[in-house]
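A.B. asks: sequence first, then the predicted structure, then my questions.
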Amino acid sequence: MSGTEDEALLYQVASMYYEQDLTQEQIGEDLHFTRWKVGRLLAEARQAGIVRIQVVHPKSRMRGLEERLRDAFGLRDAVVVARGHADDEEALRARVAEAGADYLARLRPSPRLLGVSWGRTMDLLARGLNPGWTHGVHVVQINGGLSRSRRPSSAQDMASRIAHLGEGTLTVLPAPAIVEQETTRRVLERDSAVADVLTQAAEADTVLFSPGAIGADSVLVGSGYLTADDVERLARAGAVGDVAGRFIGSRGEVIDQALDDRTLGLPLEALRRSPVSVAVASGTAKHTVCAAVVSSGLCNTLITDDHTASHLLNPASCERLSRKERP
């Protein structure tokens, strides 16, 4: 067997083990080798430089990607965490949310008036904060969160936790995220209980949100605001996801004006005007909405994973890689 053939075999075995997640026993069965020989070939692949093992700390940051994101999109700041080899989408969400909690606690100056949205990532971020992460913060909800389904929304609990752990106070938005009629939204916004909250939210020095992917598993579907058919219709119209309950297209524009007119919360322009607007997003499903958010100025600070960061910087290359990895 020639040297080239040796290298081809080492690459094949390494690819099966590290990229296809096959066990040594499975590789041995496929190639008619003993488990011992597969182990020896994997060791040789490392010695030959075909396999390079990198031990990544769970909280490690990819500084090079962060700098490139800041330069490419004119961001105020960026945090990029490494995706672990065994991370599934939920584990990745937890990893990025933890990075978001750490960033919020280290942010200087520390937020005094913090506007927050809600959702699964935000729940995890709130749980990742330590007691005393700051002192005297006032937290205000930036969009409605009362559930219309039997499954209660976590919006108020999440915001309350952030405020409590920050030794601060909380103002909730006592309204649903989406109402049935535009006139209902207008009436609610004229009510002082709602108007005062929205005024506070517009004055927040820091806004924190997680853009939602376009899909039937959206928290807006789970909370009873929309149906899976509604989301499918929005996707056909060009929606790539939602930001604080407002569905946007690839340029950060509102996709369905009639739906947006029934949505209660800060308008998108308020996010663009915020001194610190922090988006926390992870996973393949959020690649497109994340691109829309950073390219349209809806956030000036991004906290994400390295795969998402690479997609933002070179979407065509990442799409080719994604196609290669598909079975």
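C.D. replies: Thanks, I have the structure now. Numbering: from 1, shown residues only.
A.B. asks: so, low pLDDT: which residues of the stretch 201-327 of the chain?
C.D. replies: Low-confidence regions of the stretch 201-327 of the chain, defined here as pLDDT under 70, cover residues 316-327.
A.B. asks: that one: strands as residue ranges?
C.D. replies: According to DSSP state E, counting those that start in this stretch, the stretch 201-327 of the chain carries its strands in the segments 206-209, 212-213, 241-243, 246-248, 276-280, 301-305.
A.B. asks: include mean neighbour count and distance to V231 when you put those strands into TSV, please.
C.D. replies: Every residue, glycine included, has its C-beta placed from N, CA and C. Putting these into TSV (neighbours: other CB atoms under 10 Å; distance: least, CB to CB, whole Å) gives the following:
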stretch	mean neighbour count	distance to V231
strand 206-209	27	19
strand 212-213	22	10
strand 241-243	27	9
strand 246-248	25	9
strand 276-280	25	20
strand 301-305	27	23
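A.B. asks: would you check how far apart A193 and L220 are?
C.D. replies: Here the criterion is CB to CB, to the nearest Å. By it, A193 lies 23 Å from L220.
A.B. asks: more neighbours: those two, which one.
C.D. replies: Of the pair A193 and L220, L220 is the one with more neighbours under other CB atoms under 10 Å, namely 20 against 11.
A.B. asks: residues contacting the more buried one?
C.D. replies: With CB atoms under 8 Å, 6 or more residues apart in numbering as the criterion, the residues that contact L220 are 177-178, 212, 226, 231, 242, 245.
A.B. asks: so which of these are in helices?
C.D. replies: Taking DSSP state H as the definition of helices, these contribute V231.
A.B. asks: what's the closest of the contacts of L220 to I142?
C.D. replies: G245 (9.3 Å; CB to CB).
A.B. asks: what's the closest one in contact with, if anything?
C.D. replies: Residues touching G245, when contacts are defined by CB under 8 Å, 6+ apart, comprise 117, 143-144, 177-178, 220, 225, 263-265.
A.B. asks: same check, this time on T34
C.D. replies: Taking CB under 8 Å, 6+ apart, we find T34 in contact with G28.
A.B. asks: can you give the distance of stretch 251-264 from its chain's centre?
C.D. replies: Relative to the chain's own centre, stretch 251-264 is displaced by 21 Å; criterion: CA atoms, centre = their mean, to the nearest Å.
A.B. asks: any idea how the protein splits into domains?
C.D. replies: 3-47, 63-325 (automatic domain parsing).
A.B. asks: would you tell me which one of those is buried the most?
C.D. replies: The highest average neighbour count among the domains of the chain, using mean count of other CB atoms under 10 Å, belongs to domain 63-325 at a mean of 19.
A.B. asks: next one: it to chain centre, how far?
C.D. replies: In terms of CA atoms, centre = their mean, the centre of domain 63-325 is found 8 Å from the chain centre.
A.B. asks: how about the strands in the stretch 51-200 of the chain?
C.D. replies: Listed in chain order (using DSSP E, counting those that start in this stretch), the strands of the stretch 51-200 of the chain are 77-81, 113-116, 138-141, 169-171.
A.B. asks: among these, which comes closest to P275?
C.D. replies: strand 113-116 (10.4 Å).
A.B. asks: give me the below-cutoff pLDDT ranges for the stretch 1-150 of the chain.
C.D. replies: 1-5, 53-60, 84-87, 146-150.
A.B. asks: against which helices or strands is the one helix or strand Y11 maps to packed?
C.D. replies: Counting by DSSP states H and E, the element that carries Y11 is helix 3-14. The elements that helix 3-14 packs onto, with contact taken as 3 or more CB pairs under 8 Å, 6 or more residues apart in numbering; DSSP states H and E, are helix 24-31, helix 35-47.
A.B. asks: test my guess that M158 contacts M122.
C.D. replies: Yes: shown here, M158 and M122 form a contact pair, counting by CB atoms under 8 Å, at 5.5 Å.
A.B. asks: list the residues that contact both of the two?
C.D. replies: With contacts taken as CB under 8 Å, 6+ apart, the residues that reach both M158 and M122 are V116.
A.B. asks: S160 is in contact with T169, isn't it?
C.D. replies: No: contact between S160 and T169 fails when scored by CB under 8 Å: they sit 10.1 Å apart.
A.B. asks: show me the contacts for L313.
C.D. replies: L313 neighbours (CB under 8 Å, 6+ apart): 65, 68-69, 72.
A.B. asks: one step back: now distance to N300 too, for the strands of the stretch 51-200 of the chain, in JSON lines please.
C.D. replies: Written out in JSON lines, the entries for the strands of the stretch 51-200 of the chain read as follows (distance: least, CB to CB, whole Å):
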{"stretch": "strand 77-81", "distance to N300": "8"}
{"stretch": "strand 113-116", "distance to N300": "14"}
{"stretch": "strand 138-141", "distance to N300": "19"}
{"stretch": "strand 169-171", "distance to N300": "24"}
